[in-house]
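J.: I need the structure of the sequence given here:
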Amino acid sequence: MPTLHSWARQAPDKPACILADTGELLTYGVLDRRANAVAQLLLEVGLAPGDGVAILLDNDLAYFELVWGARRCGLYYTPISTHLKAEEAAFIVRDSGARALFASERYADAVAALLADNPAGCTVYAVRGEMPGARDYAAALEHFDRYAELPAGPVGKDFFYSSGTTGQPKGIRQPLFTNNRQAQASGDWVRDSFDFVQDMAYLSTAPLYHGAPLRFTMRTLESGGSVVVMRKFDAPAALAAVERYRITHSQWVPTMFFRLLALPPEVRSRYDLASHRCAIHAAAPCPPEIKEQMIAWWGPIVWEYYAGSERNGVTCISTADWLTHRGSVGRAVVGRLHILDEDQRELAPNQVGDVYFDGPEFVYHNDPEKTARSRNAAGWSTIGDVGYLDGEGFLYLTDRRSHMIISGGVNIYPAEIENRLALHEDVADVAVFGVPNREFGEEVKAVVALKDPSRASPELASALSAFCRETLSHVKCPRSIDFEPELPRHENGKLFKHVLKQRYLDRA
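T.: Below you'll find the predicted structure:
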């Protein structure tokens, strides 16, 4: 399959990536040259295959040249959420061992936090604006204006972080690709399932620091297509982008479907969507009635897939199959599925158990215990989901073994929030879990037992919310806080969180 360089030679003036709102773009020829310059820069400052870089940017065309440059050097690249607090972002840079950080001046606080404690000697480059202690990215690239042949070696790979059950984010790491052929083969399921081809135009509606948007834009460029990136999601603007750029493929999360369906009929009918032939959604449970409304509007072009950042397996389902298997997330297209009981015995169809894949390997960086817990004796892995297979091999998810919350496509783990609330002087005990939210799938709920139960009040609930916001990004902070005299715990101290959660599920 062609590489970015071969696409650049074949069609140097074709748009590779475009910012939807401004029309600013990089052609394949320019992207290829800039990625080559980034690779030269990284090699000159001493990075070697297996080292890492980190990226802290808003949706920006520079994302693509940085990632392609890192890939060509055999480096791990770690996108960082722009919603994190300064120290949260700095922790990820340190924990990943990144040797270089590329950031914009909007995140100067995170850069300052990193430079105050920078054991790996990470070099910071200011991609947009200026920051104390940072090098000028544009000036650094000017030294590499000649295209250079780079040494053969492994191909770099993403190294994403998601929240860990201990409260600190956990990196998800896989072995590097040994060569370009292996790197491209890892995306065969995307090309085969969704028909990623050279004439496609892909609309990316979400932040590039998420796994799916970045990975799918990379697959688009591997296929020779054009990527159109929204800086920030807006429902009418997304429809306008489909019309303006003749979008063929797009990706969404259920929250976006809610926003689109909420538009007045005259707005929804204003845009020409005739070019649109594949709308992909994932990241969070989608209410069946919402999906049915999208299919009624857009036609049988709605596809769904299920996967984790761990990439240990993938399922996929078309509109036609979903209509006859309502609620399913599809059949396996990467790895083989197994549903196991608590004794690790394989279950028959329609029996609920833990979802395992015997797919690609991964580790949780710096957490061998969590890595070991994700495996069974056969080497199959799980990311904590629970569900069942029907007689045709279609997977249905019913719950998560862990208490991870997925709100608007963002993974949130309760322990970090619980640890923060437990520090408040009025709190004796706390439980955090997800409760249903029609628009976001789930929202964060906290139930608190106070040292003095008589202090329970709406004012104290507001104070606890503000206490969370001091150190946690807003997406992690509870949408609501309730008070209970005592939380249900076993004699050994284990919290029966499912008892609390069930109360709210029953009410819902």
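
J.: Tell me where the model's unsure across this protein.
T.: In the predicted model, the chain carries pLDDT under 70 at residues 1, 163-167, 399-402, 490-494, 508.

J.: In three-state terms, label D95 for me.
T.: Here D95 is helix, with the state taken from DSSP: H, G, I helix; E, B strand; the rest coil.

J.: Y245 is in contact with A201, isn't it?
T.: Yes: Y245 is in contact with A201 according to Cβ atoms under 8 Å; the separation is 5.5 Å. Backbone N, C-alpha and C define where each C-beta goes, glycine included.

J.: shared neighbours of these two, anything?
T.: Counting by Cβ atoms under 8 Å, 6 or more residues apart in numbering, the common neighbours of Y245 and A201 are 226, 228.

J.: Just list the residues touching E87, thanks.
T.: When the contact criterion is Cβ under 8 Å, 6+ apart, the partners of E87 are 110, 113, 471.

J.: what about it, which helix or strand?
T.: Assessed by DSSP states H and E, E87 sits inside helix 86-96.

J.: Please spell out which residues along that helix are buried.
T.: For helix 86-96, a neighbour-count test (16 or more other Cβ atoms under 10 Å) marks 86, 88-96 as buried.

J.: Turn these into CSV, including distance to H5.
T.: Compiled in CSV, these are given as follows (distance: Cβ to Cβ, whole Å):
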residue, distance to H5
A86, 37
E88, 36
A89, 32
A90, 35
F91, 36
I92, 31
V93, 29
R94, 33
D95, 33
S96, 27
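
J.: nearest to V432, of those?
T.: Taking Cβ to Cβ as the measure, E88 is the one of these closest to V432, at 17.1 Å.

J.: what's the neighbour count on the closest residue to that closest one other than its chain neighbours?
T.: What sits nearest to E88 in space, not counting adjacent residues and going by Cβ to Cβ, 6 or more residues apart in numbering, is S473, at 6.8 Å. For S473, the count of nearby residues is 17 (other Cβ atoms under 10 Å).

J.: so S473 touches K85, yeah?
T.: Yes: contact criterion Cβ under 8 Å: S473 and K85 qualify, at 6.0 Å.

J.: Only the buried residues of the longest helix that the chain contains, if you could.
T.: If you go by DSSP state H, the chain has its longest helix at helix 28-44. Applying a neighbour-count criterion of 16+ other Cβ under 10 Å, one finds 28-43 buried in helix 28-44.

J.: Output the very next helix or strand once past it as CSV, nothing but the C-alphas.
T.: Remark: after helix 28-44, the chain's next helix or strand is strand 52-56, criterion DSSP H and E. Taking Å, rounded to 0.1, in the frame of the first residue of the first chain, the C-alpha atoms of strand 52-56 are listed here in CSV:
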residue,chain,number,x,y,z
GLY,A,52,8.6,9.4,22.8
VAL,A,53,7.2,12.8,22.2
ALA,A,54,4.1,14.5,23.5
ILE,A,55,1.6,16.9,21.8
LEU,A,56,-0.5,19.5,23.7
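
J.: contacts for strand 52-56?
T.: By Cβ under 8 Å, 6+ apart, strand 52-56 touches 42, 47, 63, 66-67, 70, 75-80, 82, 89, 92-93, 96-104, 107, 110-111, 122, 159, 209.

J.: Quickly list the domain ranges of this protein.
T.: Split into domains by automatic domain parsing, the chain comes to 28-178, 187-306, 319-402, 405-507.

J.: Next, the distance between the ends of the first one.
T.: Okay, so that is domain 28-178. Using Cα to Cα, to the nearest Å, one end of domain 28-178 lies 24 Å from the other.
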